[in-house]
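Participant: any chance you can model this:
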Amino acid sequence: MKVSLIQTNPKQDRAKNLRDIEALMEAAVKEDSPDLIVLPEYFELYGTTLAEKLAAAQPAPGGDAYTMAQNFARKHGVYVHAGTIMEKIEGENRIYNTSFVFDRTGKEVAAYRKIHMFDIETPDGMTFRESDSVKPGEDIVTYEIDGLKVGCAICYDIRFFELFLQLEKRGCDIIVLPAAFTLQTGKDHWEVLARSRAIETQTYFVACGMTGSVTVDGQVKSCYGHSLVVDPWGHTVARASDGEGFVTARIDPKQIARVRNLIPMTKHRRLACA
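Facilitator: Here you go, the predicted model:
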């Protein structure tokens, strides 16, 4: 099984962002024939004010980004894990930050709404208050592709091992995490966290990041990029460089079985975690 990670630098023009990412998806299909394509967090639109974000959110099913990803999956016969889309919630002044997944026929097979909100102040004084505009999800979500079980997570979720333990307990072989990781936290924590999650769950960890910078209200926000795939032993087996593009990796079920046989963690675990 092959997975392609699409790394982009979306800004405030949704139509252009979708054209650009679809072109990269087309290139990945042409060059690497993946079974699964993964897009980054907020691939449709990034760098908006709070008011613009709420106004731009669209209901799902439907909406520009949802429809593009669904149609692409159907056209090319490929699974599309559509990063995250701003999902409008009727009667709410917040949105869901949602990963929608489409199978080879374009059917929606999963919808994961980000659970952990990025409400922090970075060491350089930049403030993020995701919960001002995003309502947290509550459900743990998995889906299957060609006999392998895939678990869902988004960006800041990567820091909360409880979620990944639950995904491991549900039998996941792969975990997919779209992200818009900040440059400052990314350079120190992105790869070490991804490798840790892969090792402790004994899964392939597929982390697809946004790259580049965007200006919001005069404040420059930079994302780390460096999309990567880590195998169940904790080796980084594929990594994107800086800038827009894509990277493809092979998922080997034999490697998953090998690692779990060498270190049978599920049999050895003694402490329960709800």
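
Participant: over to Ala65. Which of the three states is it?
Facilitator: Judged by DSSP: H, G, I helix; E, B strand; the rest coil, the three-state class of Ala65 is helix.

Participant: mind checking pLDDT for the residue most central in space within the chain?
Facilitator: When the chain is reduced to its mean C-alpha position, the closest residue under CA atoms, centre = their mean turns out to be Pro178, at 1.4 Å. On the pLDDT scale, Pro178 is placed at 98.

Participant: ok, Arg129 next?
Facilitator: pLDDT recorded at Arg129 is 89.

Participant: show me what contacts the residue lying closest to it once chain neighbours are set aside?
Facilitator: Excluding its sequence neighbours, the residue lying closest to Arg129 (CB to CB, 6 or more residues apart in numbering) is Asp119, at 5.4 Å. The C-beta positions use only the backbone N, C-alpha and C, and glycine is treated the same way. With contact taken as CB atoms under 8 Å, 6 or more residues apart in numbering, Asp119 is in contact with Phe128, Arg129, Glu130, Ser131.

Participant: I'd like to know which elements the helix or strand of the chain with the lowest mean pLDDT is packed against.
Facilitator: Within the chain, confidence by mean pLDDT, DSSP states H and E is lowest for strand 127-129 among all helices and strands, at a mean of 85. Judged by 3 or more CB pairs under 8 Å, 6 or more residues apart in numbering; DSSP states H and E, the packing partners of strand 127-129 are strand 119-121.

Participant: direction included, what does the strand it packs on pair against?
Facilitator: Using DSSP bridges, the strands paired with strand 119-121 are strand 127-129 (antiparallel).

Participant: distance from the partner strand to the middle of the chain?
Facilitator: Relative to its chain's centre, strand 127-129 lies at 20 Å (CA atoms, centre = their mean, to the nearest Å).

Participant: so what secondary structure elements neighbour the next helix-or-strand element following that strand?
Facilitator: Next helix or strand after strand 127-129 toward the C-terminus (DSSP states H and E): strand 142-145. Judged by 3+ CB pairs under 8 Å, 6+ apart, strand 142-145 is in contact with strand 108-113, strand 148-152.

Participant: got the CA coordinates for stretch 11-24 in PDB?
Facilitator: Output in PDB follows, covering the C-alpha atoms of stretch 11-24 (Å, rounded to 0.1, in the frame of the first residue of the first chain):
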ATOM      1  CA  LYS A  11      -3.600  31.400   2.200                       C
ATOM      2  CA  GLN A  12      -6.800  33.500   2.100                       C
ATOM      3  CA  ASP A  13      -8.000  32.600  -1.400                       C
ATOM      4  CA  ARG A  14     -10.000  29.300  -1.100                       C
ATOM      5  CA  ALA A  15     -10.400  28.800  -4.900                       C
ATOM      6  CA  LYS A  16      -6.700  29.200  -5.600                       C
ATOM      7  CA  ASN A  17      -5.800  27.000  -2.600                       C
ATOM      8  CA  LEU A  18      -8.000  24.200  -3.900                       C
ATOM      9  CA  ARG A  19      -6.600  24.500  -7.500                       C
ATOM     10  CA  ASP A  20      -3.100  24.400  -6.200                       C
ATOM     11  CA  ILE A  21      -3.600  21.300  -4.000                       C
ATOM     12  CA  GLU A  22      -5.500  19.500  -6.600                       C
ATOM     13  CA  ALA A  23      -2.700  20.000  -9.000                       C
ATOM     14  CA  LEU A  24      -0.300  18.400  -6.500                       C
END
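
Participant: buried residues in it?
Facilitator: Lys11, Gln12, Arg14, Asn17, Leu18, Asp20, Ile21, Glu22, Leu24 (16 or more other CB atoms under 10 Å).

Participant: okay if I get those residues as a markdown table plus secondary structure and pLDDT?
Facilitator: Below are the buried residues of stretch 11-24 laid out as a markdown table (DSSP: H, G, I helix; E, B strand; the rest coil; pLDDT from 0 to 100):
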| residue | secondary structure | pLDDT |
| --- | --- | --- |
| Lys11 | coil | 94 |
| Gln12 | coil | 93 |
| Arg14 | helix | 97 |
| Asn17 | helix | 97 |
| Leu18 | helix | 98 |
| Asp20 | helix | 98 |
| Ile21 | helix | 98 |
| Glu22 | helix | 98 |
| Leu24 | helix | 98 |
